[in-house]
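In: below is the sequence, then the predicted model.
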Amino acid sequence: QGQLVESGGGSVQAGGSLRLSCAASGYDVSSHCMGWFRQAPGKAREGVARIFPDTGNTAYTDFVKGRFAISQDNAKNTLYLQMNSLKPEDTAMYFCAADCGASIIDFNYWGQGTQVTVSS
């Protein structure tokens, strides 16, 4: 089984930016549907974005459209999430995930997560 290791989280002020990275081993990011979801304490998991193999098509949940961008570097086997115009409500643990399910929150595998904290 593969491993997904997230990095790049941290604390920023509202309006700031962060770029999350996900180093994949045992998964070929170019041939798997990959994505990100997040979860805040006491709240349900929220799908954030995903990217589809072959086409490179992307999908975003409404509350991040226009602010977040998912991408991948096949040579580095790494997935990214560029997050701009961050809001306090974006505060959560962000998880890199592989093998998409039917909806944007469904994945079969994910990493340990990286914390993102946005202050007002």
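Out: Okay, I see it.

In: doesn't residue 27 fall inside a strand?
Out: No. Using DSSP: H, G, I helix; E, B strand; the rest coil, the assignment for residue 27 is coil, not a strand.

In: find the nearest non-adjacent residue to it, please.
Out: residue 2 (4.1 Å; C-beta to C-beta, 6 or more residues apart in numbering). C-betas here are computed from N, CA, C, even on glycine.

In: kindly report the same for residue 50.
Out: residue 35 (3.1 Å).

In: you'd agree residue 45 is up against residue 38?
Out: Yes. Contact criterion C-beta atoms under 8 Å: residue 45 and residue 38 qualify, at 7.4 Å.

In: between those two, who's got more neighbours?
Out: Comparing residue 45 with residue 38 by neighbour count (other C-beta atoms under 10 Å), the higher total belongs to residue 38, at 21 against 16.

In: contacting residues around the more buried one?
Out: Shown in contact with residue 38 (C-beta atoms under 8 Å, 6 or more residues apart in numbering): 45, 46, 48, 90, 92, 93, 94, 95, 116.

In: let me see the contact set for the fifth one.
Out: Residue 92 makes contacts with 38, 39, 40, 43, 46, 115, 116, as judged by C-beta under 8 Å, 6+ apart.

In: got a quick PyMOL command for the buried subset of those?
Out: Selection of buried members from the contacts of residue 92 for PyMOL, criterion 16 or more other C-beta atoms under 10 Å:
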select buried, resi 38+46+116
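
In: and the contacts of residue 92, which of them are in strands?
Out: Mapping the contacts of residue 92 onto strands (DSSP state E) picks out 38, 39, 46, 115, 116.
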